[in-house]
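Trainee: sequence and predicted structure below; questions after.
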Amino acid sequence: MNRNRNDRSTAFAGVTLLDLTMAVVLTSMVVSIVYATWTQINRHTVTHQRRAALRGECSRIAETMAGQLRRAEAVIQWDRSSVSFIPSASHDTLTYSYNGEILEVNGQPLALTVAETSVSAFSLENQNDENASLPFLFHITVALSTGQGETDTVSTTVMARRLNEQPPDNDFIW
């Protein structure tokens, strides 16, 4: 039952330099993989949030204009890049115009809520152009772009009354 000193040192040997090196290398690899994965997830989340904000802003502009045109008393004048109309319950004219760089409302730049965003395209087309007896059926397209090169486009179609057109009867879906 007596052991000599050499037997005890091999039985209870400590951590060798090789064991310690392998532990550090494996730990570094795991930390690197976790960091790379976390960074990729974070980058994807930020990109998705930026795109969602851009889509929301684009939709907000198109739907605001469509709602105003839908409720307007009459459209006074329009072309592919501008429209003037009388909003409901108002005697003032509201004008949207796009000059190739800025979308303006009554001569003032439209306020955008997403930072570093600009209007890259705007168009207004009347689907009932040939028939002056029908209400306007406008197809509105708004495109926004960011400083990072992302773009988004939203289109909507809205029916609006012509100048001196009588409101529809109650059976007509407006």
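Mentor: Nice, thanks for sending it over. Computed from a prediction, not measured in an experiment: that's the story for all the values here. Residues are numbered from 1 along each chain as shown.
Trainee: give me the low-pLDDT residue ranges for this structure?
Mentor: Flagging of the chain using pLDDT under 70 yields the residue ranges 1-13, 129, 164-174.
Trainee: can you give me the helices for it?
Mentor: With DSSP state H as the definition, the chain shows helices at residue ranges 5-11, 17-71.
Trainee: tabulate those helices (a markdown table), appending mean neighbour count and distance to Arg80.
Mentor: Quick note: C-beta positions are derived from backbone N, CA and C, even for glycine. Listed next are those as a markdown table, based on neighbours: other C-beta atoms under 10 Å; distance: least, C-beta to C-beta, whole Å:
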| stretch | mean neighbour count | distance to Arg80 |
| --- | --- | --- |
| helix 5-11 | 8 | 90 |
| helix 17-71 | 13 | 14 |
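Trainee: tell me which of those helices sits nearest to Gly107.
Mentor: Closest approach to Gly107 among the helices of the chain is made by helix 17-71 (16.1 Å; C-beta to C-beta).
Trainee: sorry, back to before: can I get the helices of the chain in CSV including distance to Arg162?
Mentor: Converted to CSV, the helices of the chain look like this (distance: least, C-beta to C-beta, whole Å):
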stretch, distance to Arg162
helix 5-11, 100
helix 17-71, 12
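Trainee: quick one: which of the ones you listed is nearest Leu103?
Mentor: Comparing the helices of the chain under C-beta to C-beta, the one sitting nearest is helix 17-71, at 7.5 Å.
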